[in-house]
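In: Take a look and give me a structure for this.
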Amino acid sequence: MRQLTLVRHGQSDWNLKNLFTGWHDVDLTEQGVDEAKAAGLRLQKAGLKFDIAFTSNLKRAQKTCGHILDGVEQSDLAPIKHEALNERHYGDLTGLNKDDAREKWGEEQVHIWRRSYDIPPPGGESLKDTAARVLPYFIQTILPIVMAEKSVIVAAHGNSLRALMMVLDRMSTDEITGLNLGTGIPIVYELNADTTVKTKTVLDK
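Out: Sure thing, here's the model as predicted:
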């Protein structure tokens, strides 16, 4: 079975504080740990096992991946870590409270930086920039493993996963800007032999 599971990390310290996080390496909150553990239990209940796991260079994704692998009783599976799967870099917005940023630059400008496809914040990445590093890594490294009829899990971040889902779900740049991913919710794809999506299941219960 050509199976690909995507999971956004559980709630982080800076998610809780409403701060722009990006590449800043923050930890999971207690709720985030619970979300990661719940994801593992949902995957175990669904009968999933993994041949290989991928995650980013950031500990909130790595710890989420670890809790999930514990949940499916595969704690001995060592994830492959790569910065290509890191969250979008928020540049000058990193560490700022989102409400404070709106007061400084205005609601409309901050919305454009957060939700447009190709307009980056000062010193940071747009979703288009994020996709430019995520997709080559996916196509060259992850996808061939899936197509070899393996089961793969990727525990990463909202924007790095949105970049993947834009391709998998054949979404337009307008559609992808409206997509929000919940923390700790596994999305399971089964692919056809031509790499198109055969089935997609969201394990949110």
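In: Number of residues surrounding residue 125?
Out: 21 (other C-beta atoms under 10 Å). Every residue, glycine included, has its C-beta placed from N, CA and C.
In: from what I can see it touches residue 88, true?
Out: Yes: Residue 125 is within contact range of residue 88, at 4.9 Å (criterion: C-beta atoms under 8 Å).
In: Validate this expectation: residue 132 resides in a strand.
Out: No: under the criterion used here (DSSP: H, G, I helix; E, B strand; the rest coil), residue 132 is helix, not part of a strand.
In: name the helices or strands packed onto the top helix by length along the chain?
Out: When the chain is parsed with DSSP state H, its longest helix is helix 30-45. When contacts are defined as 3 or more C-beta pairs under 8 Å, 6 or more residues apart in numbering; DSSP states H and E, helix 30-45 sits against helix 59-71.
In: Packing partners of the helix it packs on?
Out: Counting by 3+ C-beta pairs under 8 Å, 6+ apart, helix 59-71 packs on strand 3-8, helix 30-45, strand 52-55, strand 151-156.
In: mind checking which of those is nearest residue 23?
Out: The minimum distance between residue 23 and those falls on strand 151-156, with 12.6 Å, by C-beta to C-beta.
In: can you pull the alpha-carbon coordinates of the lowest-mean-pLDDT helix or strand in the chain into CSV?
Out: Taking mean pLDDT, DSSP states H and E as the measure, the chain has helix 173-177 as its least confident helix or strand, at a mean of 88. What follows is helix 173-177 as a C-alpha-only set of coordinates in CSV (Å, rounded to 0.1, in the frame of the first residue of the first chain):
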residue,chain,number,x,y,z
THR,A,173,-2.9,29.1,-4.8
ASP,A,174,-6.2,30.7,-3.7
GLU,A,175,-7.5,27.5,-2.2
ILE,A,176,-4.4,26.8,-0.3
THR,A,177,-4.3,30.2,1.4
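In: Report all helices and strands that the helix or strand in which residue 198 is found contacts.
Out: Assigned by DSSP states H and E, residue 198 belongs to strand 197-202. With contacts taken as 3+ C-beta pairs under 8 Å, 6+ apart, strand 197-202 sits against strand 187-191.
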